[in-house]
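J.: Curious how this folds, go ahead:
(3 chains)
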Amino acid sequence: MSAAQPVTMVRIYLTEKQGLKQLMAYLHDESKVRGVTVFRAISGFGKSGVMHSSRVLDTALDLPLVVEFFDQPDKVRETLQALSSLVEPGHLVTWSAEIPDLHAS
Amino acid sequence: MSAAQPVTMVRIYLTEKQGLKQLMAYLHDESKVRGVTVFRAISGFGKSGVMHSSRVLDTALDLPLVVEFFDQPDKVRETLQALSSLVEPGHLVTWSAEIPDLHAS
Amino acid sequence: MSAAQPVTMVRIYLTEKQGLKQLMAYLHDESKVRGVTVFRAISGFGKSGVMHSSRVLDTALDLPLVVEFFDQPDKVRETLQALSSLVEPGHLVTWSAEIPDLHAS
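T.: Here you go, the predicted model:
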């Protein structure tokens, strides 16, 4: 018997100036999804081709961030509908994954 | 002829105080999976809703970490069975991916 | 009507000394893929089992990096063919994902 639980993984690409606080507040206080993690990248560029990089020692730096979370597919679907005002088009990717049952033989 | 190799990707969510050493020792010394990478997040929260964030300049900080690895599906399946005592339930996600043959035309 | 766009996610595993500049130059100037992000890991090991870790306070440190990008499957396929000379075999993983339409009901 497989007790693996299907989940949807979400990765959202933004920069430090693009409303991380609002996004995290929504995910934490309203949506209450499981397992939200925020990563700071050292470099990156988007559609515009403008490079954001930590090589430049600039404290005002606007580095790329990734907000990752996962939860049951239905829960994620609901959550995404509320994110349209907080995330730029094309900056959010999802895929199917699973939480395997580590105790299954 | 496609020579893409199927792999299973694994991401494990823990914090700095939750036995990273033991997990890495197992993956490195016992399981010998390929391609283990550990990332430190700048912020995150789990089911509990307790936020772990590097905004607070606290050296005793317990920041979120992600341990990522991939290998052949069978190898990963074996490895996961040994991880049940090292990983909290619901803190490990897997999905199918592939190593494409970059030399295929 | 679902307006989700299929994309291929790519993650490339390298270290600071393994030609990041060339890879980024190619992705930025030639391939022009969308959404390239570079992460620095705090620890990791590859097939060789040699651990690269930021625990050791060594400025000459060769830490693991991950370059992540995504784009339409055809665009990614083209891009990967040009990467064979820049990426070590087995150090590049791909999987299918999608950009959901956040405005769909």
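
J.: Buried ones in the helix ranked longest in chain A, by neighbour count?
T.: Taking DSSP state H as the assignment, the helix of chain A that covers the most residues is helix A:73-83. Buried residues in helix A:73-83, defined by neighbour count with 16 or more other C-beta atoms under 10 Å in any protein chain shown: A:75-76, A:79-80, A:83. Where C-beta positions appear, they are placed from N, C-alpha and C, glycine not excepted.

J.: now the strands for chain A?
T.: For chain A, the strands defined by DSSP state E occupy A:5-15, A:36-40, A:43-45, A:51-53, A:64-71, A:92-99.

J.: roughly how far is the fifth one from the heart of the chain?
T.: Relative to its chain's centre, strand A:64-71 lies at 2 Å (C-alpha atoms, centre = their mean, to the nearest Å).

J.: Which residues of chain A lie near chain C?
T.: With the criterion set to C-beta under 8 Å from any C-beta of the partner chain, chain A comes near chain C through A:13, A:39, A:41-47, A:49, A:51, A:64, A:66, A:80-81, A:83-84, A:87, A:89-95.

J.: In ChimeraX, select just the buried ones from the residues you listed.
T.: Of the residues of chain A next to chain C, the buried ones can be selected in ChimeraX as follows, counting by 16+ other C-beta under 10 Å:
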select /A:13,39,41,42,43,44,45,46,64,66,80,83,87,90,91,92,93,94,95
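
J.: does the longest helix of chain A come close to chain B?
T.: No: using C-beta under 8 Å from any C-beta, helix A:73-83 stays clear of chain B, coming no nearer than 12.4 Å.

J.: one step back: as CSV, the strands of chain A with mean pLDDT would be great.
T.: Converted to CSV, those look like this (pLDDT from 0 to 100):
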stretch, mean pLDDT
strand A:5-15, 95
strand A:36-40, 92
strand A:43-45, 84
strand A:51-53, 71
strand A:64-71, 94
strand A:92-99, 97
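
J.: tell me the average confidence for the longest helix of chain A?
T.: Averaging pLDDT along helix A:73-83 gives 93.

J.: which helices and strands does that helix pack with?
T.: strand A:5-15, strand A:64-71, strand A:92-99 (3 or more C-beta pairs under 8 Å, 6 or more residues apart in numbering or on different chains; DSSP states H and E).

J.: partner strands of the longest one, parallel or antiparallel?
T.: In this case it means strand A:5-15. Partner strands for strand A:5-15, per DSSP bridges, with pairing direction: strand A:64-71 (antiparallel), strand A:92-99 (antiparallel).

J.: For residue B:102, which of those strands is the nearest?
T.: Checking the strands paired with strand A:5-15 against residue B:102 by C-beta to C-beta gives strand A:92-99 as the closest, at 21.7 Å.

J.: how about the strands paired with strand A:5-15 in CSV, adding distance to residue C:71?
T.: Listed next are the strands paired with strand A:5-15 as CSV, based on distance: least, C-beta to C-beta, whole Å:
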stretch, distance to residue C:71
strand A:64-71, 16
strand A:92-99, 11
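
J.: Tell me which of these lies nearest to residue B:27.
T.: Residue B:27 lies closest to strand A:92-99 among these, at 18.8 Å (C-beta to C-beta).

J.: what about dumping the CA coordinates of the closest one to CSV?
T.: Provided in CSV are the C-alpha atoms of strand A:92-99 (Å, rounded to 0.1, in the frame of the first residue of the first chain):
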residue,chain,number,x,y,z
LEU,A,92,5.6,31.5,-10.8
VAL,A,93,6.2,27.9,-11.8
THR,A,94,4.4,24.8,-10.5
TRP,A,95,5.0,21.0,-10.9
SER,A,96,3.6,17.8,-9.4
ALA,A,97,5.6,16.1,-6.7
GLU,A,98,4.9,13.8,-3.8
ILE,A,99,5.6,13.3,-0.1
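
J.: And that strand, how far out from the chain middle?
T.: Using C-alpha atoms, centre = their mean, the offset of strand A:92-99 from its chain centre is 11 Å.

J.: Contacts for that strand next, please.
T.: Residues outside strand A:92-99 that contact it (C-beta atoms under 8 Å, 6 or more residues apart in numbering or on different chains): A:4-13, A:70, A:73, A:76, A:80, A:83, B:90, B:92-95, C:7, C:9, C:70, C:95-100, C:102.
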